[in-house]
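Visitor: Test case, fold it:
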Amino acid sequence: MAWKTLDDIDLNGKVALVRVDLNVPMDGDTVTDATRIERIVPTVTDIIAKGGKPVLLAHFGRPKGAVVPEMSLKQVVPVLQAALPGHKVIFASDCIGAPAKEAISAMQPGDVVLLENTRFHAGEEKNDAMLAASMAALGGVYVNDAFSAAHRAHASTEGIARLLPHCAGRLMQAELTALEAALGNPARPVVAVVGGAKVSTKLDLLGNLVTKVNHLVIGGGMANTFLVAQGVEVGKSLAERDMADTAREILAKADVSGCDIHLPRDIVVAREFKAGAASETLPVAACPSDAMILDAGPETVAHLAKVFADCRTLIWNGPLGAFEIDPFDAATNAAAKQAGALTAAGKLVSVAGGGDTVAALNKAGVAEQFTYISSAGGAFLEWMEGKDLPGVAALKS
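Guide: Down below sits the predicted model:
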C-alpha cells in the first residue's frame with residue numbers, strides 16, 4: 001500500500017482539510033439522495049476521535065469559476081448536520097481567505113466546518129498553484145476522501161496534496177482497497193461485465209480489460225455492435241455499425257490475450273421501446289428486421305451463471321439490457337442476483353461502479369450483497385481503463 005491512511009498520520013490538535021464529494025442530486029433545495037454525504041461520516045468522526053478538526057472541501061455542479069447561488073454548498077448543511085448528530089456544522093462563505101479562517105478559528109472540539117464550493121474559483125479546475133496554496137494555508141493535514149473526483153487534477157484534489165502531509169480518508173481507503181482486490185492483484189479467474197449503449201465511449205475500457213481479465217461479458221447496446229461485427233443482423237437495434245472493425249480488433253486482442261468474450265446467446269426483442277411492450281425471446285441470429293434487441297434471454301443468463309460460478313472476482317460496469325423498463329430488466333436482475341448470492345456465500349469478490357450499474361443493482365435488490373459498490377462514476381471508469389488517477393497519484397508521493 002503506497003498511500004497512508006488516517007491511522008498513519010498525527011491528527012491531534014490539527015486542522016484536517018478533507019476533500020469530500022458532496023455533489024449530491026437536488027430537487028430545488030432538497031437533497032434527493034444523501035448517499036455521498038452519509039459515506040463521508042466515518043472519516044469525519046474518525047478525525048474528531050483522533051483529536052483533529054475536520055474542515056471539508058468540496059465542489060457542487062459546474063459554476064465555471066463564478067459564484068452561482070444555486071450551486072452553494074450551504075444548501076447541503078441541514079443534511080450534513082443530520083448525518084453528524086452531536087457535532088455542530090459551521091458553514092464558511094468561501095473556501096479561502098477571511099471567511100474560511102474565521103469559521104475555523106471559531107471551531108470547538110467536535111465541530112465540523114464546511115467551506116463553500118471550491119469551483120466558485122476559476123483556479124480550482126485549472127489546478128492553480130496560488131489557489132492550492134491558499135487552501136493549504138488553512139490547515140496542517142490534507143485528507144482526500146473523494147475517489148469520485150480523483151480523476152481530476154484540480155487544486156483541491158491534487159495541488160493541495162503537494163503542500164501538506166497527506167493521507168486517504170476511510171472512503172478513499174475502502175475504494176482503493178476494493179479496486180486493488182479487483183484488478184490490481186485479484187483472485188483468479190476474473191470476469192468483467194461491461195454494458196452500456198456505445199462501444200465508442202468504452203474503447204479504452206474494453207482494450208484494457210481484455211488484457212487483464214479471464215472473461216469479458218459484453219451487454220446492452222454495445223453487444224449489438226459486436227454481433228454486427230460477427231455478421232449477425234440486429235434489425236432496428238441500437239448498434240454502431242461504423243465501429244464493427246474496432247469491435248473485431250477488440251475480439252482479436254482478446255483472443256491473443258486469452259480472454260474469453262461472452263455475447264448474448266439468445267435475445268429478447270420488441271417493436272416498441274416502452275414499459276410492458278409485447279416481446280419475444282429468440283435465438284441470437286433471429287432478430288426480425290423491424291424489431292429491437294432490448295435484453296439478453298434466459299439461455300444467456302444461465303451461461304453467465306456458470307461463468308460467475310467458475311470465477312473468483314467480478315467487476316461490473318453497465319447493465320445487460322434496457323434495465324430501466326420492465327420486462328427488459330430480467331437479464332440484469334437475474335445475473336446480479338447470481339453474483340450477489342455467490343458473494344454472500346464467500347465464493348466471489350464483487351466490485352461494481354457507475355451510475356447505471358448502482359441503479360441496476362439496487363433495483364435487483366442485491367447491492368448490499370456485493371463486496372463493494374463504488375460511488376464514483378468517471379473515476380471508476382478511468383481506473384478500469386488502466387489510467388493513473390491524479391488524486392490517487394498525489395497521495396503516493
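Visitor: need the helices for the stretch 101-250 of the chain, in chain order.
Guide: 129-136, 170-179, 203-209, 220-229, 244-257 (DSSP state H, counting those that start in this stretch).
Visitor: Which residues does the third one contact?
Guide: Surrounding helix 203-209, the residues in contact under the criterion CB atoms under 8 Å, 6 or more residues apart in numbering are 192, 194, 199, 216, 218, 246, 250, 253, 259, 315, 317, 381, 384-387. Glycine gets a C-beta too; all of them are placed from N, C-alpha and C.
Visitor: Pull that helix out as PDB, backbone CA atoms only.
Guide: Output in PDB follows, covering the C-alpha atoms of helix 203-209 (Å, rounded to 0.1, in the frame of the first residue of the first chain):
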ATOM      1  CA  LEU A 203     -12.900   1.700 -26.200                       C
ATOM      2  CA  ASP A 204     -10.100   2.300 -23.600                       C
ATOM      3  CA  LEU A 205     -12.000   0.300 -21.100                       C
ATOM      4  CA  LEU A 206     -12.500  -2.700 -23.300                       C
ATOM      5  CA  GLY A 207      -8.900  -2.500 -24.600                       C
ATOM      6  CA  ASN A 208      -7.600  -2.600 -21.100                       C
ATOM      7  CA  LEU A 209      -9.900  -5.300 -19.700                       C
END
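Visitor: Just the buried ones from the contacts of helix 203-209?
Guide: Neighbour-count burial (16 or more other CB atoms under 10 Å) is assigned, among the contacts of helix 203-209, to 192, 194, 199, 216, 218, 246, 250, 259, 315, 317, 381, 384-385.
Visitor: And the residues you listed, which two are furthest apart?
Guide: 246 and 315 (21.6 Å; CB to CB).
Visitor: out of the helices of the stretch 101-250 of the chain, deepest packed?
Guide: Most buried of the helices of the stretch 101-250 of the chain, by mean neighbour count (mean count of other CB atoms under 10 Å): helix 220-229, with a mean of 25.
Visitor: Which secondary structure elements does that one sit against?
Guide: Applying 3 or more CB pairs under 8 Å, 6 or more residues apart in numbering; DSSP states H and E, we find helix 220-229 packed against helix 244-257, strand 292-296.
Visitor: Quick one: closest of the ones you listed to residue 210.
Guide: Evaluated over those, closeness to residue 210 peaks at helix 244-257, with 4.0 Å, by CB to CB.
Visitor: What lies in contact with the helix or strand following the closest one?
Guide: For helix 244-257, the following helix or strand on the C-terminal side (DSSP states H and E) is strand 260-262. Here strand 260-262 makes contact (CB under 8 Å, 6+ apart) with 210, 214-218, 226, 250-251, 254, 303-304, 307.
Visitor: How about stretch 129-141?
Guide: So stretch 129-141 is contacted by 9-11, 14-17, 52, 55, 57, 95-97, 100-101, 104, 118, 121, 123-124, 142, 155-156, 159-160, 162-167 (CB under 8 Å, 6+ apart).
Visitor: same deal with stretch 334-348?
Guide: 193, 298, 301, 304-305, 308-309, 311-314, 316, 320, 349-350, 360-361, 364-366, 369-371.
Visitor: Could you give the average pLDDT over it?
Guide: Averaged over stretch 334-348, pLDDT sits at 97.
Visitor: So which bits of that stretch are buried?
Guide: Under 16+ other CB under 10 Å, the buried positions of stretch 334-348 are 334-343, 348.
Visitor: which one of those residues sits closest to residue 239?
Guide: Checking the buried residues of stretch 334-348 against residue 239 by CB to CB gives residue 335 as the nearest, at 21.5 Å.
Visitor: Where does the closest one fall, secondary structure wise?
Guide: helix 330-344.
Visitor: so where's the stretch 101-250 of the chain shaky on pLDDT?
Guide: Within the stretch 101-250 of the chain, no range satisfies pLDDT under 70.
Visitor: that older thread, of the contacts of stretch 129-141, buried ones?
Guide: 9, 11, 14-17, 52, 55, 57, 95-96, 100, 104, 118, 121, 123-124, 142, 155-156, 159-160, 163-167.
Visitor: nearest to residue 40, of the contacts of helix 203-209?
Guide: Nearest to residue 40 among the contacts of helix 203-209, with distances taken as CB to CB, is residue 381, at 21.7 Å.
Visitor: And the pLDDT at that closest one?
Guide: Listed pLDDT for residue 381 reads 86.
Visitor: Roughly how far does it sit from residue 235?
Guide: For residue 381, the distance to residue 235 equals 29 Å [CB to CB, to the nearest Å].
Visitor: quick one: residue 61 and residue 119 touch, right?
Guide: Yes. The pair residue 61 / residue 119 is scored as a contact, 7.4 Å apart, by CB atoms under 8 Å.
Visitor: picking up where we left off before, quick check: the farthest pair among the contacts of helix 203-209?
Guide: Taking CB to CB, no two of the contacts of helix 203-209 sit farther apart than 246 and 315, at 21.6 Å.
Visitor: and this protein, what are its domains?
Guide: Per the record, the chain has its domains at 6-170+390-396, 186-365, by automatic domain parsing.
Visitor: ok, residue 217 touching residue 226?
Guide: No. Assessed by CB under 8 Å, residue 217 is found out of contact with residue 226, at 11.2 Å.
Visitor: Dihedrals phi and psi, residue 266?
Guide: phi -140, psi 160 (degrees, to the nearest 10).
Visitor: How about it, nearest residue that isn't a chain neighbour?
Guide: residue 297 (3.3 Å; CB to CB, 6 or more residues apart in numbering).
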